[in-house]
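sequence and predicted structure below; questions after.
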Amino acid sequence: MLTVMLPVAGLEVNLLGVIILGAVVGILGGLLGVGGGFLITPMLNVLFGIPYNIAVGSDLSQMVGMSSSAATRHRKHGNLDILLGIIMILSACIGVVGGVSVMEFLKNAGTFTIFDSEVPKMTLIMSIIYISLLLFVGTSILKESIRMIRSPLPNDTQVSLGTFAMKLHRIQLPPMISLPASGVKQISLWILCGIGITIGFFCSLMGVGGGFIMTPCMIYIIGVPTTVAIGTSLFQIVFIAAFGTLLHSIKGNVDPILVLGLLIGSTIGSQIGATLTKKLAGAKLRLMLGSLLFIAVLFVAKKLYALIT
Amino acid sequence: MNFFEWLSALARDANPIKDGFQPSWFYVFWNVVFPAAFGVTVAFIVNLIKSLFTKTPKESG
């Protein structure tokens, strides 16, 4: 039933299964402002046996469609800060170049021997970076959102900034800009560029769209309201994923039929997710995002364990 | 030739396993532009459907 041949992957898959997978990831994307790259790529490999290079290339291509659809919906709801998005995209590009250089260095760094198993240094170092980062961000979000759910403020869409974020906001390094769409009165452009470069660096190093790093940074460091952070994050994912798709297409890693199946599911799912963001409170959304990060940690840890043993 | 057959032909031309592989420019263009156009079109259609079915409250006067 609905079995199709994937011309680039050279495999037969159930198109309905691909559409359902796309829909699940689309709902998460529209709801939480994440592209879902860290979930859909391993699922394509585990559930359908699609090789990683084609899973990554096709996933990035569908991410362009899913995030553009969700970003359009968020823009309609007024959840998009275009100025902040453009600053983040431009500064992230600088970080991407740095991340690619580090990745090239790690790729040729050889292997470690652990429990008689040869583990590539790149895989081990990347997995540790991934787990540490996800645990740190996930724990911070969970702690804050649980506190907000227990004692909610009258308006919980804009979270109170932590000590580190407050210190950053006090830096008066010109040019100072304001972000009216996000309700940020004054912040140094250099702080935004620094955040963008850091995110771009980790995105290119970890091969993801970056929504799951970008969204918490916008909320907790810049002070952007949750729904605006999600819409703006999706806006920047469109451009990062398009750049990644371009590079993968040149190498022939994108399967258009697989992309079509994922797109049908994810665009419909993202519409549902974007609508749900208006109905769910900011703290509950952040609780979901935090939980999602812990699920991603389990995936990475399981893969690393399988490599070592 | 239906849409699926056309997509298959487009992708087969780009198959990196083939000797002398070089992707066609249209395959690269399609992979970037088609998803974006698809996503924006779906969002537009959903907004249109929502606006058609959402009743605006009448002003009382």
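Now that the structure is in, tell me what you want to look at.

give me the mean pLDDT for the longest helix anywhere in chain B.
Longest helix in chain B, counting residues (DSSP state H): helix B:25-53. Helix B:25-53 shows an average pLDDT of 86 in the prediction.

buried set for that helix?
Taking 16 or more other Cβ atoms under 10 Å in any protein chain shown as the neighbour-count basis, helix B:25-53 is seen to contain the buried residues B:27-28, B:30-32, B:34-36, B:38-40, B:42-43, B:46. Using the backbone N, CA and C atoms, a C-beta is placed for each residue, glycine as well.

does chain A sit close to it?
Yes. Helix B:25-53 is in contact with chain A by Cβ under 8 Å from any Cβ of the partner chain, via B:27-28, B:30-32, B:34-36, B:38-40, B:42-44, B:46-47.

which residues does the residue positioned nearest the centre of chain B contact?
Of all residues in chain B, the one closest to the mean position by Cα atoms, centre = their mean is B:Phe38, 2.8 Å from it. Contacts for B:Phe38 (Cβ atoms under 8 Å, 6 or more residues apart in numbering or on different chains) come out as A:65, A:69, A:263, A:267.

relative to B:Lys50, how far out is it?
Distance from B:Phe38 to B:Lys50, counting by Cβ to Cβ, to the nearest Å: 19 Å.

do the same with A:His248
34 Å.

A:Leu246 now?
On the measure of Cβ to Cβ, A:Leu246 and B:Lys50 end up 33 Å apart.

and the residue of the stretch 151-300 of chain A nearest chain B?
Minimum separation of the stretch 151-300 of chain A from chain B (Cβ to the nearest Cβ) falls at A:Gly252, amounting to 3.5 Å.

doesn't that residue belong to a strand?
No. Applying DSSP: H, G, I helix; E, B strand; the rest coil, one finds A:Gly252 to be coil, outside a strand.

surely it touches B:Pro23?
Yes. Using Cβ atoms under 8 Å, A:Gly252 makes contact with B:Pro23 at a distance of 5.5 Å.

more crowded one of the two?
For A:Gly252 versus B:Pro23, the count of surrounding residues by other Cβ atoms under 10 Å in any protein chain shown is larger for A:Gly252: 23 against 20.

backbone phi and psi for the more buried one, please?
Backbone torsions for A:Gly252, taken as degrees, to the nearest 10, come to phi 70, psi 30.

what's the pLDDT at it?
80.

ok so, going back, out of the buried residues of helix B:25-53, who's nearest A:Ser182?
Nearest to A:Ser182 among the buried residues of helix B:25-53: B:Ala43, at 21.9 Å, using Cβ to Cβ.

quick one: contacts for the closest one?
Residues near B:Ala43 by Cβ under 8 Å, 6+ apart: A:68-70, A:72-73, A:76, A:267, A:271.

swap in 10 Å and give it another go.
A:68-76, A:267, A:270-271, A:274 (Cβ atoms under 10 Å, 6 or more residues apart in numbering or on different chains).

report the buried residues of the helix or strand hosting A:Tyr305.
Per DSSP states H and E: A:Tyr305 is located in helix A:282-308. Of the residues in helix A:282-308, A:282-283, A:285-287, A:289-290, A:292-293, A:296-297, A:299-300, A:304 count as buried by neighbour count, 16+ other Cβ under 10 Å.

gap between B:Ser24 and chain A?
Note on B:Ser24: its distance to chain A, by Cβ to the nearest Cβ, to the nearest Å, is 10 Å.

show the backbone phi and psi for that residue.
According to degrees, to the nearest 10, B:Ser24 has phi -70, psi 150.

and A:Pro180, by the same measure?
phi -60, psi -40.

now A:Pro174
According to degrees, to the nearest 10, A:Pro174 has phi -70, psi 150.

from what I can see it touches A:Trp190, true?
Yes. The pair A:Pro174 and A:Trp190 passes the contact test of Cβ atoms under 10 Å, sitting 8.8 Å apart.

quick one: which of these two has more around it?
Using other Cβ under 10 Å as the criterion, A:Pro174 and A:Trp190 rank with A:Trp190 on top: 14 against 8.

that one: helix or strand, and which one exactly?
A:Trp190 is part of helix A:189-206 when elements are defined by DSSP H and E.

low-confidence ranges, chain A, go.
Residue ranges of chain A with pLDDT under 70: A:1, A:30, A:32-39, A:104, A:107, A:122, A:151-164, A:204-210, A:278, A:280-282.

how about a cut-off of 50?
Within chain A, the stretches with pLDDT under 50 are A:155-156.

remind me, longest helix of it?
Using DSSP H, we find that the single longest helix of chain A is helix A:121-150.

what's the first helix or strand after that helix?
In N-to-C order, the element after helix A:121-150 by DSSP H and E is helix A:163-170.

other SSEs contacting that following helix?
The contact analysis (3 or more Cβ pairs under 10 Å, 6 or more residues apart in numbering or on different chains; DSSP states H and E) places helix A:163-170 against strand A:184-188, helix A:189-206.

tell me the angle the shortest one makes with helix A:189-206.
Counting by axes from the mean of the first three to the mean of the last three Cα atoms, to 10 degrees, strand A:184-188 lies at 80 degrees to helix A:189-206.
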